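Enquirer: pasting the structure only:
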């Protein structure tokens, strides 16, 4: 296929991320799809993020991949317009709402604390506290670590704060998972401490026919930590034959 004939692939970054998070895997997808990353904007709800994606998407139908918060946005796109999504990939993500009780209070406190650091000391200082927990221990202090910090430093505090608000008000998407009928990949780093493997195993069980990919020696930032393995998994997903193909 020529470039103009390739299907569109919408790639949704996660919290405090931009197109950089997808760059390492693009070479593996170059002959399979045309990538498009939503423009950065300030929205404080996952629904508003999904609406903006649907409004701005480059085609009526497209393949859709989301990393972390981007996976939750992708599920909200499925809720609103399932007919537009030809296939779905959820990377290092989740579907459940904020937990009730003390667990929810602790999560909110942690998120508010990160926003407070970003406002008082800047996004890089926030990233220096946050990123080590996102990476496999082998990647702390490496070029990957530095690249993640540089990406975070580029983000605005206002957008980061709005994204945190959206995550604290995130909807439950269990009903969306149960209704998915397109070819679906569920992928995570084996050592992802932010969105653990057990969560992805349950997501893969809920989605009819989903493929589960577990990436070794990898934390939450899978596309940047283990690009060859993630790129191969995404390429196989784009080639897969299913009830609705690209």
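Expert: Thanks, I have it. From a predicted model like this one, the values you see are computed outputs, not experimental measurements.
Enquirer: when you work out contacts or count neighbours from here on, use the C-alpha atoms and nothing else.
Expert: OK.
Enquirer: quick check: residue 233 touching residue 213?
Expert: Yes - Residue 233 is in contact with residue 213 according to CA atoms under 8 Å; the separation is 7.1 Å.
Enquirer: roughly how far is the helix ranked longest in the chain from the heart of the chain?
Expert: The single longest helix within the chain, with elements called by DSSP state H, is helix 101-121. Helix 101-121 has its C-alpha centroid displaced from the chain centroid by 20 Å (CA atoms, centre = their mean, to the nearest Å).
Enquirer: how about the helix or strand just after it: buried residues?
Expert: Note on helix 101-121: by DSSP states H and E, the next helix or strand toward the C-terminus is helix 123-130. Going by neighbour count (16 or more other CA atoms under 10 Å), the buried part of helix 123-130 is 123-128.
Enquirer: of all those, which comes closest to residue 197?
Expert: Nearest to residue 197, judged by CA to CA, of the buried residues of helix 123-130 is residue 127 at 23.4 Å.
Enquirer: can you tell me the helix or strand for the residue lying closest to the closest one once chain neighbours are set aside?
Expert: Counting by CA to CA, 6 or more residues apart in numbering, residue 127 lies nearest to residue 149, which is 5.9 Å off, once chain neighbours are set aside. Using DSSP H and E, residue 149 sits in helix 143-154.
Enquirer: any low-confidence regions in this protein?
Expert: Filtered on pLDDT under 70, the chain yields the residue ranges 1-4, 242-246.
Enquirer: quick one, domains of it?
Expert: If you go by automatic domain parsing, the domain ranges for the chain are 3-96+172-239, 101-164.
Enquirer: which of those domains sits most buried?
Expert: domain 3-96+172-239 (a mean of 20; mean count of other CA atoms under 10 Å).
Enquirer: the protein: strands as residue ranges?
Expert: Per DSSP state E, the chain carries strands over the ranges 8-12, 34-36, 62-67, 85-91, 184-189, 211-215.
Enquirer: of those strands, which approaches residue 74 most closely?
Expert: Checking the strands of the chain against residue 74 by CA to CA gives strand 62-67 as the closest, at 5.8 Å.
Enquirer: give me the most central residue, the protein.
Expert: Taking CA atoms, centre = their mean as the criterion, residue 67 is the residue nearest the geometric centre of the chain, at 1.3 Å.
Enquirer: contacts only, for it.
Expert: Residues counted as contacts of residue 67 (CA atoms under 8 Å, 6 or more residues apart in numbering) are 12-14, 90-93.
Enquirer: just send the residues you listed back as a markdown table, with distance to residue 22 too.
Expert: Below are those laid out as a markdown table (distance: CA to CA, whole Å):
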| residue | distance to residue 22 |
| --- | --- |
| 12 | 9 |
| 13 | 8 |
| 14 | 10 |
| 90 | 13 |
| 91 | 11 |
| 92 | 13 |
| 93 | 15 |
